[in-house]
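Peer 1: The following comprises the amino acid sequence and a computationally predicted model.
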Amino acid sequence: QIYAPNLQHNTSSLTNIKFTSAALAGAAAGILGLQNVPGFALFVVACIWTGICIQLKINSDLRGKNGSGGGGKVLENWWDVLLPGQDAGFAFVLVWTLFYGM
């Protein structure tokens, strides 16, 4: 059974992690002076890397709790983790242009 306050907290935590990852990727793209496609490629790589790290963390937590290596479905699909969300996309572009202009 799903407990709503825990679900809300977990969703908020995932959103914060994605937002921070996007902002850091934007800073890296700006500092490296990336333009157009290479900059957005860095954003895609950062989203994929963040999704993999989150999934590894979820799996390690499940393994530690029941000792059987997981079991049970945690996420409906990978899109829940991989898609950065609108706020993270805006944060990436904002921080990218900020650091690129400095």
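Peer 2: Happy to help now that I have it. Numbers count the residues shown, from 1 in each chain.
Peer 1: Tell me how far the most centrally placed residue in the chain lies from Phe43.
Peer 2: Geometric centre of the chain, nearest residue: Lys18, 3.2 Å, by C-alpha atoms, centre = their mean. Note on Lys18: its distance to Phe43, by C-beta to C-beta, to the nearest Å, is 11 Å. (C-beta placed from N, C-alpha, C; glycine too.)
Peer 1: Can you pull the residues that touch both of those two?
Peer 2: The contact sets of Lys18 and Phe43 overlap at Pro84 (C-beta atoms under 8 Å, 6 or more residues apart in numbering).
Peer 1: From the chain's centroid, how far away is stretch 34-45?
Peer 2: How far stretch 34-45 lies from its chain's middle: 16 Å, per C-alpha atoms, centre = their mean, to the nearest Å.
Peer 1: What residues of that stretch count as buried?
Peer 2: Buried residues in stretch 34-45, counted by 16 or more other C-beta atoms under 10 Å: 34, 39-40, 42-43.
Peer 1: Which positions within the least confident helix or strand in the chain by mean pLDDT qualify as buried?
Peer 2: Here the helix or strand of the chain ranked lowest by mean pLDDT, DSSP states H and E is helix 79-82, holding a mean of 76. Along helix 79-82, these residues count as buried under the neighbour rule (16+ other C-beta under 10 Å): 81-82.
Peer 1: Do a quick rundown of the helices in the protein.
Peer 2: If DSSP state H is used as the criterion, the helices of the chain fall at 4-32, 37-66, 79-82, 86-101.
Peer 1: Compare the mean pLDDT across the ones you listed and name the weakest.
Peer 2: Of all the helices of the chain, mean pLDDT reaches its minimum on helix 79-82 (a mean of 76).
Peer 1: What helices and strands are in contact with that one?
Peer 2: If contacts are counted by 3 or more C-beta pairs under 8 Å, 6 or more residues apart in numbering; DSSP states H and E, helix 79-82 sits against helix 37-66.
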